[in-house]
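Peer 1: next comes the sequence, and after it the predicted model I'd like to discuss.
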Amino acid sequence: MDRIHAHHTPQKAKLCATACAGLLLVATPAVAHPHVFIDGGVDFQFAEDETLTALKVTWLYDEFETLYLLASNNLSLNAEGGLDEADRLTLEQKFSEWPEDFDGSAHLMHDGAPVALAWPSDPEVQLIDGRIQAVFTRALEAPMTLIGSSTELAFYESTYFFAFKVTNIPQLMGGSGACVADVIPFKPDPNDASVLTKLAMLSREETPDDENVGLLFADRIALKCG
């Protein structure tokens, strides 16, 4: 995993630039890869029968990317340093227009197998301390019983263009009394240094050869039910 090669094809550049809801429309001065830093996390929605039914995903953009998203959509902060309602609704609409290569940043595994999730829905956008926050729902295609099984969620974007970090305590909503959620932060080891060095050399228009490299640096949430 220590060999990272850059691709320069227009298609790869296009996918890289549209990885977040079609909002990244032009290049920015940022050079080092990853280029966007997002705090947040994932909450878990349970039904009364203790089955998991949906994930609620939160993205809180860094200050630089917040300004970039506003400028690239011809928006600006008002005199009070907030968002006018019309501008907030414009951003909310943008977060309803997900690109075909969207991978969700929330990757749920159940007993070692990936769990199918519905397309993002119900976006909510607001400005939090000068940073854009987007919250959206990923419903499970079928409710899932977690008791007596191994369930883990990794919080990452596959190409590591976006660096996600779990900073919110996971909330268990609904009939979730039998479950506990533990955050497992990413801990680097010496083998990660060479990969990170190669990634840092990529421009905004380049993507790693390993299209799932973001998994190497993912924070995780373990769900224990029983």
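Peer 2: Noted; the coordinates are in hand.
Peer 1: just give the nearest non-adjacent residue to Leu75, would you?
Peer 2: Asp87 (4.6 Å; CB to CB, 6 or more residues apart in numbering). (Each C-beta comes from the backbone N, C-alpha and C, glycine too.)
Peer 1: residue contacts, that neighbour?
Peer 2: Counting by CB atoms under 8 Å, 6 or more residues apart in numbering, Asp87 touches 70, 75-76.
Peer 1: can you redo those as CSV with secondary structure?
Peer 2: Below are the contacts of Asp87 laid out as CSV (DSSP: H, G, I helix; E, B strand; the rest coil):
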residue, secondary structure
Leu70, helix
Leu75, coil
Ser76, coil
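Peer 1: these, buried ones only, as a ChimeraX selection?
Peer 2: Command for ChimeraX, covering only those of those found buried under the criterion 16 or more other CB atoms under 10 Å:
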select :70,75
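Peer 1: wait, which of the contacts of Asp87 is closest to Pro185?
Peer 2: Leu70 (30.0 Å; CB to CB).
Peer 1: residue farthest from the centroid of this structure?
Peer 2: Ala79 (30.3 Å; CA atoms, centre = their mean).
Peer 1: show me the shaky parts of the chain.
Peer 2: In the predicted model of the chain, residues 1-32, 176, 192-210 satisfy pLDDT under 70.
Peer 1: which residues of it fall in strands?
Peer 2: With DSSP state E as the criterion, the chain has strands at 36-46, 51-61, 106-110, 113-114, 121-128, 131-145, 151-155, 162-166, 172-174, 179-184, 219-225.
Peer 1: can you give me every residue that contacts Glu211?
Peer 2: 158-159.
Peer 1: quick one: it from Leu153, how far?
Peer 2: 20 Å (CB to CB, to the nearest Å).
Peer 1: likewise Asp87?
Peer 2: Going from Asp87 to Leu153 by CB to CB gives 32 Å.
Peer 1: same deal with Gln171?
Peer 2: Gln171 is 13 Å from Leu153, where distance means CB to CB.
Peer 1: tell me which of the two has more neighbours.
Peer 2: The residue with more neighbours, out of Gln171 and Leu153, is Leu153; 26 against 14, by other CB atoms under 10 Å.
Peer 1: who touches that one in this structure?
Peer 2: Shown in contact with Leu153 (CB under 8 Å, 6+ apart): 42, 55, 106-109, 220-221, 223.
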